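Peer 1: Just need the structure, nothing else, for what follows:
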Amino acid sequence: MTQSVLFALHPAAGGRQVAVATLNAEKSLNALSLDMIRLLAPQLAAWRDDPAVACVLLCGAGEKAFCAGGDVVTLYHAIRDRDYAVTDAFFAEEYALDYAIHTYPKPILAWGQGIVMGGGLGLMAGASHRVATERTRIAMPEITIGLYPDVGGSWFLNRLPGRLGIYLGLTGASLNAADARYLGLADFVLPSALRGGLLEGLAGLAWHGEGEADKRLLSSHLRELSRATVPELAPSPVRAHFDAIQSLTDYDSLDEMVAAISHYEGSDDWLRSGAQKLAAGSPTSMRLIVEAQRRARQLSLREVFEMELTLSRQCCRHPDFAEGVRALLVDKDGAPRWTPATLAEVSPELIDGFFAAP
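Peer 2: As a prediction, this is how the structure comes out:
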């Protein structure tokens, strides 16, 4: 059986080493499984404590995806069996891993090639050095499966300009590399063709063996690469539509906001796609997304992950998550039956219940 994460150490200058972790589930677009999490977490901890390891490179197998999200089909089957020990463990260990990446003392370079969705963005968002390429496609489309932007999304979406975090959460909008750079979800944009020589370049750096100094060294190296080889990028839809997004979200109530976004009838394909995803999404998720971001504004990163763990555990006990996964990925009929079926039926009491631990 092929191991779901591959690990390697490569010699670098000055007796240092560059560590590489490769998500190795190419057929599933490197969807993040509990097995992957349980391999990554202890290995990152070991590399953190190994004085020879100067830098970690985190990437995905193949060209199509860094990581297309969490393995929600396995979670669906666990929910159907009422095996909440599996779902609780998945989210608890996933968020602990994400938090460990956010707070890692050594440089972690996440090579965000291809599709980066949901749990994949959770891995990438916390890395000290996040690289997008011209092929990068980022999204947090949880509204389509009755969930909400988790994996720290309540933290990093809150820190986007204006009301972009609310809009992206409600619409699951697709972001390209220019969007990622504009929003600060990527630190550098490099041509995908550079991946082949990336490791050789890292191995040749004069690593210091001190976390902050090595982070500066890696930044300098990636900055030189980005200036020497600028990829041709499609324009940023988020940047182009910033004013329109602010207008569509400038309402006192979520009901008015949802009506404005979902009834968009203009000619722009990007805005229309967002309107369609919102209109078809879970009404409970709509209220949960906005309330989670509201509550997260004054929380620390650790507190956000603690809040999200409670939310995600409750989502597994609410019918919409399993139903959304069924409709999109299991039966693939594209016809989820949401409970409640309308936004008006989603009461404040129902949403408050998500924030209380099961």
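
Peer 1: Every contact and neighbour count from this point should use C-alpha atoms.
Peer 2: Will do.

Peer 1: For Cys229, give me the pLDDT.
Peer 2: Careful, residue 229 is Thr; it's not Cys. pLDDT for Thr229: 88.

Peer 1: what about Trp338, which SS state?
Peer 2: coil (DSSP: H, G, I helix; E, B strand; the rest coil).

Peer 1: May I have the phi/psi pair for it?
Peer 2: phi -80, psi 150 (degrees, to the nearest 10).

Peer 1: so what's it up against?
Peer 2: Ser282, Pro283, Pro319, Asp320, Glu323, Gly324 (C-alpha atoms under 8 Å, 6 or more residues apart in numbering).

Peer 1: Looking at those residues, state which has the most neighbours.
Peer 2: Ser282 (31 neighbours; other C-alpha atoms under 10 Å).

Peer 1: quick check, nearest of the contacts of Trp338 to Leu9?
Peer 2: Gly324 (40.2 Å; C-alpha to C-alpha).

Peer 1: if I pick that closest one, what's in contact with it?
Peer 2: Thr144, Ile145, Gly146, Ser282, Pro336, Trp338.

Peer 1: distance of it from Phe156?
Peer 2: Going from Gly324 to Phe156 by C-alpha to C-alpha, to the nearest Å gives 24 Å.

Peer 1: do the same with Cys67
Peer 2: For Cys67 relative to Phe156 (C-alpha to C-alpha), the value is 18 Å.

Peer 1: In terms of neighbours, single out the busier of the two.
Peer 2: Set Cys67 next to Phe156 and count neighbours by other C-alpha under 10 Å: Cys67 wins out with 32 against 21.

Peer 1: for the more buried one, what are its contacts?
Peer 2: Here Cys67 is in contact with Leu23, Leu29, Asn30, Ala31, Leu32, Gly60, Ile115, Val116, Met117, Gly119, Gly120, Leu121 (criterion: C-alpha under 8 Å, 6+ apart).

Peer 1: backbone phi and psi for it, please?
Peer 2: The phi/psi pair for Cys67 (degrees, to the nearest 10) is phi -170, psi 120.

Peer 1: The one 3 residues further on too?
Peer 2: The phi and psi values for Gly70, taken as degrees, to the nearest 10, are phi -70, psi 160.

Peer 1: OK, contacts around the residue lying closest to it once chain neighbours are set aside?
Peer 2: The shortest distance from Gly70 to any non-neighbouring residue, by C-alpha to C-alpha, 6 or more residues apart in numbering, is to Leu32 (4.5 Å). Contact partners of Leu32, counting by C-alpha under 8 Å, 6+ apart, are Cys67, Ala68, Gly69, Gly70, Asp71, Gly119, Gly120.

Peer 1: Which secondary structure element is home to the spatially most central residue of the chain?
Peer 2: Taking C-alpha atoms, centre = their mean, the centroid of the chain lies closest to Leu121, which sits 2.1 Å from it. Using DSSP states H and E, the element containing Leu121 is helix 119-125.

Peer 1: That helix: what's the following helix or strand?
Peer 2: strand 129-132.

Peer 1: Show me how far that following strand is from its chain's centre.
Peer 2: For strand 129-132, the separation from the chain centroid amounts to 13 Å (computed by C-alpha atoms, centre = their mean, to the nearest Å).

Peer 1: Beyond that strand, next helix or strand please.
Peer 2: According to DSSP H and E, the helix or strand after strand 129-132 is strand 137-139.

Peer 1: any idea which of the contacts of Gly324 is closest to Arg227?
Peer 2: For those, the nearest to Arg227 is Thr144 (38.0 Å; C-alpha to C-alpha).

Peer 1: Can you tell me the closest non-neighbouring residue to that closest one?
Peer 2: Nearest non-adjacent residue to Thr144 (C-alpha to C-alpha, 6+ apart): Gly281, at 4.8 Å.

Peer 1: Same question for Ala344.
Peer 2: Asp255 is the one closest to Ala344 (C-alpha to C-alpha, 6+ apart), at 7.9 Å.

Peer 1: I'd assumed the one you found was in a strand, is it?
Peer 2: No: counting by three-state DSSP, Asp255 is not part of a strand but helix.

Peer 1: Can you give me the neighbour number for it?
Peer 2: Neighbour tally, Asp255, other C-alpha under 10 Å: 13.

Peer 1: got a pLDDT number for it?
Peer 2: 98.

Peer 1: Then the one 10 residues further on?
Peer 2: According to the model's per-residue confidence, Glu265 sits at a pLDDT of 88.

Peer 1: Now do the same for the residue lying closest to it once chain neighbours are set aside: its pLDDT.
Peer 2: In this structure, Glu265 finds its nearest non-sequential neighbour in Arg272, 7.1 Å apart by C-alpha to C-alpha, 6+ apart. Listed pLDDT for Arg272 reads 97.

Peer 1: which element follows whatever helix or strand Arg272 lives in toward the C-terminus?
Peer 2: In the assignment (DSSP H and E), Arg272 maps to helix 269-280. Later in the chain than helix 269-280, the nearest helix or strand by DSSP H and E is helix 283-296.
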